[in-house]
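Participant: Provided below are the primary sequence and the corresponding predicted coordinates.
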Amino acid sequence: MLGDAGRGQVNVPLLQVDGLVKHYRGGGMFARTDAIVKAVDGVTFSIGRGETLGLVGESGSGKTTVGRAVLRLELPTAGTVRFEGTDLASLQPAELRALRRRMQIVFQDPFASLNPRRTVGASVAEGIEIHRLAPKRDIPRLVGELLEEVGLDASYARKYPHEFSGGQRQRIGIARALAVEPSFIVCDEPVSALDVSVQAQVLNLLLDLRDARELSYLFIAHDVALVRQIAHRIAVMYLGTIVEIGPARTVIDAPKHPYTQALVSAVPEPDPTKSTSRIILAGDPPSPANPPPGCPFVTRCFHPMKDARCTAERPRLRLVEAREVACHYAESA
Ligand SMILES: Nc1ncnc2c1ncn2[C@@H]1O[C@H](COP(=O)(O)OP(=O)(O)O)[C@@H](O)[C@H]1O
Ligand SMILES: [Mg+2]
């Protein structure tokens, strides 16, 4: 099956991820070597054309692994990833390379995608050259246009990454992703490493580009306040699973999962007349090498109805008040 199979079909989402699992062998320096780290443990979601799904959760919850497995930068242990209806696992290497052009990533640290020894222009041009998207003589002009599209001067093409600030480097990373005309971009904490004042500028750039180019994003962040500014829908990750997913407003204004409630309670309330009480979670999340057998959140849960069922039986995502939530007692949240 080739990439055209799903193109143009109204009912096929741009990206469909089903039962995604990524287990790593070996849990780091001090772990038993036979330990299995369940970085992602059965994640299902879809993203429509032009849609942004925000993926939030604390450090180590598996967000980056989801993003990398979706792009097949990591081979999934189980599950399927379909892009425009095409199962990425069914593709021959050349077909996968062709499809990958349409799926790009913007990293938290733009240095990760920029070669310090190459000019910015060479880095931005790389994808155009690899995929032969334009005749050689047109490339300098295209690179200049891309740099201007991300708010930089076309003449910067001759400079090197170290000559730029963090925000400018992230703009270059974005230009590099855009160069191959993707329809989907994994943004993995794209502003987390930037100064707060610069964060908003880069976020606005991503919003403008999404509208101008009809891009879909998987927008990864640990900060709910950030995700709420860009995501249409939000998925909340905890210990390798999605515990709540739904429309951004619904999930943030009336979270049903206790973990989502704790995350949202940490967001500063701009309206001083509204009282908010911050929920401080006890303890650390369990190791993904040794997750609880029942609800992954049970060790830190403060739900008044928490009982033996939560320890024994893993709750599945189910529809409760316009979002899906994985909690046995979501109705009485
Ligand atoms: N290559 C790897 N080998 C072993 N464990 C890994 C590897 N990559 C990630 N992990 C583990 O998987 C879990 C999820 O990591 P990650 O996806 O980076 O989380 P997040 O992006 O939410 O911070 C963490 O416990 C991390 O230590
Ligand atoms: Mg990460």
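Facilitator: It's in. Ligands and ions are numbered 1, 2, ... in the order given.
Participant: going forward, measure contacts between C-alpha atoms and count neighbours the same way
Facilitator: Fine.
Participant: Need the phi and psi values for Gly42.
Facilitator: Torsion angles at Gly42 (phi, psi; degrees, to the nearest 10) stand at phi 100, psi 80.
Participant: go on, Leu194?
Facilitator: When read as degrees, to the nearest 10, the backbone of Leu194 gives phi -100, psi 160.
Participant: ok and the residue in the stretch 151-300 of the chain nearest ligand 1?
Facilitator: The stretch 151-300 of the chain approaches ligand 1 most closely through Pro288 (5.5 Å), counting by CA to the nearest ligand atom.
Participant: Run through the residues that contact that residue.
Facilitator: Pro288 is in contact with Val37, Lys38, Ala39, Leu239, Gly240, counting by CA atoms under 8 Å, 6 or more residues apart in numbering.
Participant: Tell me the backbone dihedrals of the nearest residue to the last one once chain neighbours are set aside, please.
Facilitator: The shortest distance from Gly240 to any non-neighbouring residue, by CA to CA, 6 or more residues apart in numbering, is to Val40 (4.0 Å). Backbone geometry at Val40, expressed as degrees, to the nearest 10, gives phi -130, psi 130.
Participant: what bridges to Val40?
Facilitator: Counting by DSSP bridges, Val40 forms beta bridges with Lys22.
Participant: near ligand 1, which residues of the stretch 201-333 of the chain show up?
Facilitator: Neighbours of ligand 1 within the stretch 201-333 of the chain, by CA under 6 Å from any ligand atom: Pro288.
Participant: Could you tell me how many residues sit around the residue nearest to Gly240?
Facilitator: By other CA atoms under 10 Å, 29 other residues sit near Val40.
Participant: Compute the distance between it and Thr241, please.
Facilitator: According to CA to CA, to the nearest Å, Val40 and Thr241 sit 6 Å apart.
Participant: Which neighbours do these two have in common?
Facilitator: In contact with both Val40 and Thr241: Ser61, Gly62, using CA under 8 Å, 6+ apart.
Participant: Let's see the pLDDT reported for Asp34.
Facilitator: You'll see Asp34 listed with a pLDDT of 72.
Participant: can you check Gly6 too?
Facilitator: pLDDT, Gly6: 45.
Participant: One more: the one 10 residues further on?
Facilitator: Per-residue confidence at Gln16 stands at 98 (pLDDT).
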